[in-house]
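Student: With the input below, show me the fold.
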Amino acid sequence: MNKKLTKKFAPGHATCAGCGIPTIVRNVLNATDDPVVVINATGCLEVTSTLHPYTAWKVPYIHNAFENAGATASGVETAYRILKERKN
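Tutor: Numbers count the residues shown, from 1 in each chain. Next up is the predicted model:
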């Protein structure tokens, strides 16, 4: 297995046997450049990957309600752009 795949989403989640979600998540994260922030609305992925006090996420992760995930993503992107400008 490619080690890069497990650096962003680790094993130990509680998805059902045979579920395709972990494979999809690893492939999507593997295709992203750093830095990356995951914004996830409530659903199977959220409840199976963030069982308190454990998490499978090895990147910044924000859990949202369905109706505000897009707004949160927009805020994270804006904050990133501002911080990037300040750094330069």
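
Student: the longest helix in this structure is where?
Tutor: helix 69-87 (DSSP state H).

Student: and it, how far from the chain's centre?
Tutor: 16 Å (Cα atoms, centre = their mean, to the nearest Å).

Student: Could you do stretch 67-79 as well?
Tutor: Offset of stretch 67-79 from its chain centre (Cα atoms, centre = their mean): 14 Å.

Student: neighbouring contacts of it?
Tutor: 37, 39, 40, 41, 62, 64 (Cβ atoms under 8 Å, 6 or more residues apart in numbering). C-betas here are computed from N, CA, C, even on glycine.

Student: so which pair among these is furthest apart in space?
Tutor: 37 and 41 (14.2 Å; Cβ to Cβ).

Student: now the strands for the chain?
Tutor: 38-41, 61-64 (DSSP state E).

Student: Identify the neighbouring strands of the first one in the sheet and state each direction.
Tutor: When you say that, I think you mean strand 38-41. strand 61-64 (parallel) (DSSP bridges).

Student: Name the residues that touch the strand it pairs with?
Tutor: 37, 38, 39, 40, 41, 42, 46, 50, 55, 72, 76.

Student: burial of residue 33, as a residue count?
Tutor: Residue 33 sits with 5 neighbouring residues when counted by other Cβ atoms under 10 Å.

Student: distance of it from residue 71?
Tutor: Here the criterion is Cβ to Cβ, to the nearest Å. By it, residue 33 lies 23 Å from residue 71.

Student: Kindly reformat the strands of the chain as a markdown table and extend each row with distance to residue 17 and mean pLDDT.
Tutor: Converted to a markdown table, the strands of the chain look like this (distance: least, Cβ to Cβ, whole Å; pLDDT from 0 to 100):
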| stretch | distance to residue 17 | mean pLDDT |
| --- | --- | --- |
| strand 38-41 | 22 | 94 |
| strand 61-64 | 23 | 94 |
